[in-house]
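Fold the following.
(one chain, ligands or ions: 2)
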Amino acid sequence: MIFTIPDLLTASELEEIRSILEGAEFADGKLTAGWHAQLVKDNQQLKSGQIQTQLTQKVKEALNRNALFQTAVRPRMIHSLLFSRYDVGMSYGTHTDNALMGSGFWRSDVSFTIFFNPPSDYEGGELVIESADDEKAYKLQSGAALIYPSSTLHRVDPVTKGTRLVGVGWVQSLIRSESEREILFDLETARRSMFSQQGKTVEFDLVSKTIANLLRKWAE
Ligand SMILES: O=C(O)CCC(=O)C(=O)O
Ligand SMILES: [Fe+2]
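Ligands and ions are numbered 1, 2, ... in the order given. The predicted structure follows:
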């Protein structure tokens, strides 16, 4: 399931993150890519250190309070986060994200891109998600996030004007399978709508029981 969270960050969080990033030091993005992704990765990334830790904390807070993210992703661990800058001419060619990341070998089930500056700030720089017979380009408003399965092939087209600033992260989900996550998300959405329309009915209890039992079966 690919979806967007329109207002993940508040206006003041966004302003703070942007002003911190403006004064921060960046390094070559190839340093954090797998050996094959390095061949096509051409961007800049915030150096690790105190600023990176502070920004990571802010982004995690926003994701943790977001009900849509929690219900659709069911994070076990948001284990990796990069702050990337694409200046004119920079891009990230077609690649797939590493399945296992970091010294903890966390699995990447779900990837996300948080847009820190508005589409009017730059030209090009679309995040394109490829599928067997089609592809779709995304360029969201600042403060919004795109959530997509880590299993896809995707790319960032060259920036031809301005600068693109994003946060990119990876999550190990409690539910490894994308289709199982979607079943749970649909049931949860239906259950909430039933509750708001009719309260705690017999049907509501049965759907609640099913969600709980599927979680027992699938969660790891
Ligand atoms: O910048 C983006 O939107 C995605 C970048 C990406 O695919 C990655 O860092 O693995
Ligand atoms: Fe990627």
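
which ones are touching the residue nearest to the spatial centre of the chain?
In the chain, the centroid-proximal residue (Cα atoms, centre = their mean) is Phe112; its distance is 1.2 Å. Counting by Cβ atoms under 8 Å, 6 or more residues apart in numbering, Phe112 makes contact with Leu63, Ala145, Leu146, Ile147, Tyr148, Val168, Gly169, Trp170, Val171. Just so you know, the C-beta spots here come from the backbone N, C-alpha and C atoms, and that holds for glycine as well.

Could you tell me how many residues sit around the fourth one?
Spelled out, that is Ile147. Ile147 has 22 neighbours, counted by other Cβ atoms under 10 Å.

just use 44 as the starting number from now, easier for me
Sounds good: first residue 44 from here, last item Ile190.

Look at it and tell me its secondary structure.
strand (DSSP: H, G, I helix; E, B strand; the rest coil).

How about it: what's its closest non-neighbour residue?
With sequence-adjacent residues excluded and distances taken as Cβ to Cβ, 6 or more residues apart in numbering, Ile190 is closest to Phe155, at 4.9 Å.

so that neighbour is in which element?
Element membership of Phe155, judged by DSSP states H and E, is strand 153-158.

That strand pairs with which strands?
Here strand 153-158 has these sheet partners by DSSP bridges: strand 188-192 (antiparallel), strand 207-216 (antiparallel).

before we move on, which element is Asn256 in?
Here Asn256 is assigned to helix 245-261, by DSSP H and E.

oh, I was asking about Gln97
helix 93-107.

Report the buried residues of that helix.
Ile94, Gln95, Leu98, Thr99, Val102, Ala105, Leu106 (16 or more other Cβ atoms under 10 Å).

CSV for the residues you listed, including distance to Asp177 and pLDDT?
Shown next, in CSV, are the buried residues of helix 93-107 (distance: Cβ to Cβ, whole Å; pLDDT from 0 to 100):
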residue, distance to Asp177, pLDDT
Ile94, 39, 94
Gln95, 35, 95
Leu98, 34, 97
Thr99, 34, 97
Val102, 30, 98
Ala105, 31, 98
Leu106, 28, 98
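
ok, of those residues, which one's closest to ligand 1?
Ranked by distance to ligand 1 (Cβ to the nearest ligand atom), those are led by Val102 at 13.9 Å.

so what's that closest one up against?
Ile60, Leu124, Ile157, Gly210, Gly212.

Which among the residues you listed count as buried?
Buried members of the contacts of Val102, scored by 16+ other Cβ under 10 Å, are Ile60, Leu124, Ile157, Gly210, Gly212.

re earlier: include distance to ligand 1 when you put the buried residues of helix 93-107 into a markdown table, please.
Shown next, in a markdown table, are the buried residues of helix 93-107 (distance: Cβ to the nearest ligand atom, whole Å):
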| residue | distance to ligand 1 |
| --- | --- |
| Ile94 | 19 |
| Gln95 | 15 |
| Leu98 | 15 |
| Thr99 | 15 |
| Val102 | 14 |
| Ala105 | 17 |
| Leu106 | 16 |
